[in-house]
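Colleague: Pasting the sequence and the predicted coordinates here, then a few questions.
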Amino acid sequence: MSLTIQWQQDCQFNVETSGGFSLNIDADNQSAPCPTEVLLSALGTCSATDVVMGLQEQGVVLKSFRNQVTYTLTESSPRLYETVNLHFVVDGDNVSESQISEIASDAINKYCHVCLMLQPKIAISYTVEIVEIEKC
């Protein structure tokens, strides 16, 4: 498996995956996400996938799901990610915070490949919230 990174101009690149998918990246963060945002996006989507799959395996019918990723940076250069919090916001039938929390813990510590690759260099935590979407 491989990726092809093709320089476009300035600090802009196009990434093409072996599956034929394309993603633009801009280190200056002007025309596309910067590389570190892509890294956080991978962390957020990988962990979210594992939480969604875990909830669905337990019979939860999801109405909506969101993962709000927040982070802190180190004080000195290079400014690296020091902490990341994954805030899982769920609207689903018959789901509890403890259920989401248990699944989120397993996702972060057992299943999410990106989390496992980044820990313990980055302290990854999570919080959960249950919401109910208002119906019109």
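Modeller: Arrived safely. These numbers come from a predicted model, not from an experiment.

Colleague: Ends of stretch 89-109, what's the gap?
Modeller: Stretch 89-109 has an end-to-end distance of 19 Å (criterion: C-alpha to C-alpha, to the nearest Å).

Colleague: quick check: mean pLDDT across it?
Modeller: For stretch 89-109, the mean pLDDT works out to 96.

Colleague: Would you mind listing the outside residues contacting that stretch?
Modeller: 47, 50-51, 54-55, 58-68, 86, 88, 115-116, 119, 124, 126, 128-133 (C-beta atoms under 8 Å, 6 or more residues apart in numbering). All C-beta spots, glycine's among them, are computed from the backbone N, C-alpha and C.

Colleague: What are the boundaries of the helices in this protein?
Modeller: Secondary structure of the chain by DSSP state H: the helices cover 35-57, 97-106, 113-118.

Colleague: Just give the closest residue to the most centrally placed residue in the chain, not the sequence neighbours.
Modeller: A centroid search over the chain (C-alpha atoms, centre = their mean) returns residue 44, at 0.5 Å, as the residue closest to the centre. In this structure, residue 44 finds its nearest non-sequential neighbour in residue 69, 4.4 Å apart by C-beta to C-beta, 6 or more residues apart in numbering.
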